[in-house]
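Visitor: could you work out the structure for the sequence below:
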Amino acid sequence: MPLWVFLFVILTLSSGSHCSLPPSLPLRMRRYADAIFTNSYRKVLGQLSTRKLLQDIMSRQQGERNQEQGARVRLGRQVDGVWAEQKQMALESVLVALLQKHSRNFQG
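Guide: Reported below is the predicted structural model:
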């Protein structure tokens, strides 16, 4: 920068001429930094609330799946119980029939 330009700028600034100075750079930078922080903070809060919502939905679905699996297991146990009872009754009736047949043969 030529020396005469430098001197002109200094004289203009020190003489209080009609040129207005731009807002102080540090204040502008602080506002800019605050805006960046606020935007980033809002973004993070939005991501956190979205993540929490997704986790809630997923846990509800998992709970429903667990309930369905529990119901299936209970139903399976009931079916197994009914099947075992029917099987036992069938075996008992076969044994009764065999005993009756054997007792007829033995008596006759």
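Visitor: mind picking out the helix or strand in the protein with the poorest mean pLDDT?
Guide: Lowest by mean pLDDT, DSSP states H and E among the helices and strands of the chain is helix 3-14, with a mean of 58.
Visitor: and the pLDDT at Leu53?
Guide: As predicted, Leu53 sits at a pLDDT of 90.
Visitor: now name the helix or strand holding it.
Guide: Element membership of Leu53 [criterion: DSSP states H and E] is helix 25-107.
Visitor: helices or strands up against that helix?
Guide: Packing contacts for helix 25-107, counted by 3 or more CB pairs under 8 Å, 6 or more residues apart in numbering; DSSP states H and E, involve no helix or strand. In short, each C-beta sits where N, CA and C put it, glycine included.
Visitor: off-centre distance for that helix?
Guide: 16 Å (CA atoms, centre = their mean, to the nearest Å).
Visitor: from Glu64, how far off is Ile57?
Guide: 11 Å (CB to CB, to the nearest Å).
Visitor: typo on my end, Trp83
Guide: As judged by CB to CB, Trp83 and Glu64 stand 28 Å apart.
Visitor: what's the neighbour count on Gly81?
Guide: 10 (other CB atoms under 10 Å).
Visitor: oh, that last question was meant for Ser59, not what I typed.
Guide: Around Ser59 there are 10 residues (other CB under 10 Å).
Visitor: for it, give its distance to Glu68.
Guide: Taken as CB to CB, the span from Ser59 to Glu68 is 15 Å.
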